[in-house]
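Chemist: Have a look at this fold, sequence not included:
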């Protein structure tokens, strides 16, 4: 079939591309050279417009107007924004009189603005869904979200040596180590919207247009008087339709709408949330056209292949980005890889079942692995095939074979102690080779993190239990974290159990959960037979594992209207260590 290429070299290739980086990292030469684009620099894009690259994963941008400075995005923490403001003050002492958030990812340094200047009545503009999205990722899916960040951004990788991080694709690293302890400093928007807005801010005309990207609260910002566009669509790498950390589906059709809007603005200056700015109408027009056409190519050809009846794996062989897209770093696979994006399009458009009969009712993974090993003549024969595959540079096959060997006889899948260290080391060797041969920062970081786990050099087990951040609990309504407990209910323990509890917080807020039919249903708590009273702070400490339920009860910082045994029985239904003690 046309476009078929079973090696798919754009994801990773052979060892000829591997180089040594400045910190002795081993990685693809293109990924190593990409670091130079992401180094810290305060770019003066045009008169009165500054973009700070390399201070953190995202940029901080400052635009001067007749009535002060507009700050766009505030980074991951107080310290990050404070560092940006210090550099800004080397250019101007004009006060910040307006703030705009491009999306919810980089809004956690805002308080630094308020604490470093006298003017405190500052309008903050952002999409209506910013606060909702912050709650979502800090509550029900907090465990997998945190684990995904550790893997994708190489947070646990060593600081130097062959396995150390090269870069994070969109920035030097997930966080700048100079900004520890990474104090949260979010300030919620004062002005929110869901539709395009034309406003005046700091004496400038500003157009704010919703433009879904890697977040559904992303916006594009247009300063017509400056011919300046600030966006979260054109990244310093091919757009991540799929994020290896795990994310909700990002529809390429929505991305194309946003990119076409940018192109229609015909900007002279283009600043992204990541990477260096671009200037020049022709340059920007060409780059934006190329960027959107690359995404359209993936969408069109993926849909074409799906209509032809290809499975998701066959689709990755059928849809490969043409070589000319590699002429620009903006459309190079320096963050994610196209074959993963293609799979995501299939799943997002048609669901998980791809027409492969074997995927309809698959065997139990552990039993399947044992049967395959038996079919190959035993574990030693499989090991020999792995080594032969490595010699032949067939790392895909080697990894698949290794996955049988390390599969535990009982679930869970990632019980690292259940497999022999010899087999785990063999798999780690395969993953490390992929890491050293891929242009993708995400793939490299993921493979190295898993390799180190397999070798026993990293213990990430704490990221496989549900974790609540004390800060996140306190920064959201108490009901948000109460209702989030529903995803921690253990069905087997709740069989034939029915009870309702009401939480009454010292600030007057109330929330409830009704356990019935092996689910925990959010309620107002008004009809509950079990009641507890406590402060929001105590609840945050409980969920944050700073104190146990028994300690809270014995110290009287949590009181109840029933026998303590009923409270203990209710919380015993949930998979949370502090609530079970």
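Modeler: That came through fine. Keep in mind the model is a prediction, meaning the values are calculated, not measured.

Chemist: List the residues that contact residue 15.
Modeler: 433, 436-437 (Cβ atoms under 8 Å, 6 or more residues apart in numbering). (Glycine included, C-beta is placed from N, CA and C.)

Chemist: Next: residue 535.
Modeler: Taking Cβ under 8 Å, 6+ apart, one finds 505-507, 557 in contact with residue 535.

Chemist: So which of those residues are in strands?
Modeler: If you go by DSSP state E, those have residue 505 in strands.

Chemist: tell me the two of the contacts of residue 535 that are most distant?
Modeler: 507 and 557 (14.7 Å; Cβ to Cβ).

Chemist: Between the two, point out the one with more neighbours.
Modeler: residue 557 (17 against 9; other Cβ atoms under 10 Å).

Chemist: who's in contact with the residue nearest to the more buried one when sequence neighbours are not counted?
Modeler: Nearest residue to residue 557 in three dimensions, chain neighbours excluded: residue 538, at 4.9 Å (Cβ to Cβ, 6 or more residues apart in numbering). With contacts defined as Cβ under 8 Å, 6+ apart, residue 538 is in contact with 547, 552, 557-558.

Chemist: Just the buried positions in the helix or strand residue 538 falls within, please.
Modeler: Using DSSP states H and E, residue 538 sits in helix 536-543. Using 16 or more other Cβ atoms under 10 Å as the test for burial, helix 536-543 gives 536, 538-543.

Chemist: Show the model's pLDDT score for the residue nearest to residue 557.
Modeler: Confidence at residue 538, expressed as pLDDT, is 97.

Chemist: Check residue 258 too.
Modeler: 98.

Chemist: can you pull the contacts of it?
Modeler: Per Cβ under 8 Å, 6+ apart, neighbours of residue 258: 211-213, 218, 220, 231, 233.

Chemist: likewise residue 371?
Modeler: Residues counted as contacts of residue 371 (Cβ under 8 Å, 6+ apart) are residue 363.

Chemist: what about this protein, any weak spots by pLDDT?
Modeler: 1-9, 409-415 (pLDDT under 70).

Chemist: domain assignment for it?
Modeler: Split into domains by automatic domain parsing, the chain comes to 15-349, 470-580.

Chemist: could you pull out the strands for the stretch 101-250 of the chain?
Modeler: 124-127, 191-193, 197-201, 204-210, 219-223, 228-231 (DSSP state E, counting those that start in this stretch).

Chemist: Quick one: distance of the second one to the chain centre.
Modeler: On the basis of Cα atoms, centre = their mean, to the nearest Å, strand 191-193 sits 24 Å off its chain's mean C-alpha point.

Chemist: Show me what counts as buried in it.
Modeler: 191-193.

Chemist: again, but for the last one
Modeler: Within strand 228-231, the residues that count as buried by 16+ other Cβ under 10 Å are 228-231.

Chemist: coming back round to it: tell me the one among the contacts of residue 535 nearest to residue 84.
Modeler: Taking Cβ to Cβ as the measure, residue 84 lies nearest residue 507 of those, at 34.1 Å.

Chemist: Thought residue 537 was touching that closest one, still the case?
Modeler: No: look at residue 507 against residue 537 with Cβ atoms under 8 Å: they stay out of range, at 10.0 Å.

Chemist: so what does the longest helix anywhere in the chain touch, helix or strand wise?
Modeler: Identified as the longest helix of the chain according to DSSP state H is helix 281-307. Secondary-structure packing of helix 281-307 (3 or more Cβ pairs under 8 Å, 6 or more residues apart in numbering; DSSP states H and E): helix 252-265, strand 269-272, helix 312-318, helix 338-350.

Chemist: The longest one versus strand 219-223: what angle between them?
Modeler: Regarding helix 252-265 and strand 219-223, their directions subtend 0 degrees when assessed with axes from the mean of the first three to the mean of the last three Cα atoms, to 10 degrees.

Chemist: Please identify the most buried of the strands of the stretch 101-250 of the chain.
Modeler: Of all those, strand 228-231 has the most neighbours on average by mean count of other Cβ atoms under 10 Å, namely a mean of 27.

Chemist: Let me see the residues that make contact with that one.
Modeler: 45-46, 49, 61, 63, 72, 102, 211, 220-223, 258, 262, 265, 267-273.

Chemist: try it again with 7 Å
Modeler: Strand 228-231 has contacts (Cβ atoms under 7 Å, 6 or more residues apart in numbering) with 49, 61, 72, 102, 211, 220-222, 262, 265, 267, 269-272.

Chemist: Partner strands of it, with direction?
Modeler: Paired neighbours of strand 228-231 in the sheet (DSSP bridges): strand 219-223 (antiparallel), strand 269-272 (parallel).

Chemist: still on that earlier bit, out of the strands of the stretch 101-250 of the chain, which comes closest to residue 182?
Modeler: strand 124-127 (21.0 Å).

Chemist: What is the closest one packed up against?
Modeler: With contacts taken as 3 or more Cβ pairs under 7 Å, 6 or more residues apart in numbering; DSSP states H and E, strand 124-127 sits against strand 96-100, strand 191-193.

Chemist: try it again with 10 Å
Modeler: With contacts taken as 3 or more Cβ pairs under 10 Å, 6 or more residues apart in numbering; DSSP states H and E, strand 124-127 sits against strand 68-72, strand 96-100, strand 191-193, strand 197-201, strand 204-210, strand 219-223.

Chemist: Quick one: closest of those strands to residue 570.
Modeler: Nearest to residue 570, of the helices and strands packed on strand 124-127 and by Cβ to Cβ, is strand 191-193 at 37.0 Å.

Chemist: circling back to that earlier point, would you mind giving the strands paired with strand 228-231 as TSV with distance to residue 369 added?
Modeler: Below are those laid out as TSV (distance: least, Cβ to Cβ, whole Å):
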stretch	distance to residue 369
strand 219-223	47
strand 269-272	44
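
Chemist: So which of the ones you listed is nearest residue 528?
Modeler: Judged by Cβ to Cβ, the one of the strands paired with strand 228-231 that comes nearest to residue 528 is strand 219-223, at 41.4 Å.

Chemist: picking up where we left off before, quick check, nearest of the contacts of strand 228-231 to residue 309?
Modeler: residue 211 (33.9 Å).

Chemist: What distance do you get for the residue lying closest to the closest one once chain neighbours are set aside to residue 524?
Modeler: Once flanking residues are discounted, residue 211 sits nearest to residue 258: 3.6 Å by Cβ to Cβ, 6+ apart. Between residue 258 and residue 524 the computed distance is 40 Å (Cβ to Cβ, to the nearest Å).

Chemist: Contacts only, for residue 191.
Modeler: The contact partners of residue 191, by Cβ atoms under 10 Å, 6 or more residues apart in numbering, come to 98-100, 123-126, 128, 197, 199, 201, 208.

Chemist: Can you verify my assumption that residue 465 contacts residue 578?
Modeler: No: using Cβ atoms under 10 Å, residue 465 makes no contact with residue 578, being 11.1 Å away.

Chemist: what sits in contact with each of those two?
Modeler: By Cβ under 10 Å, 6+ apart, residue 465 and residue 578 have these common neighbours: residue 545.

Chemist: The two: which is more packed in?
Modeler: More crowded of residue 465 and residue 578, by other Cβ under 10 Å: residue 578, with 19 against 13.
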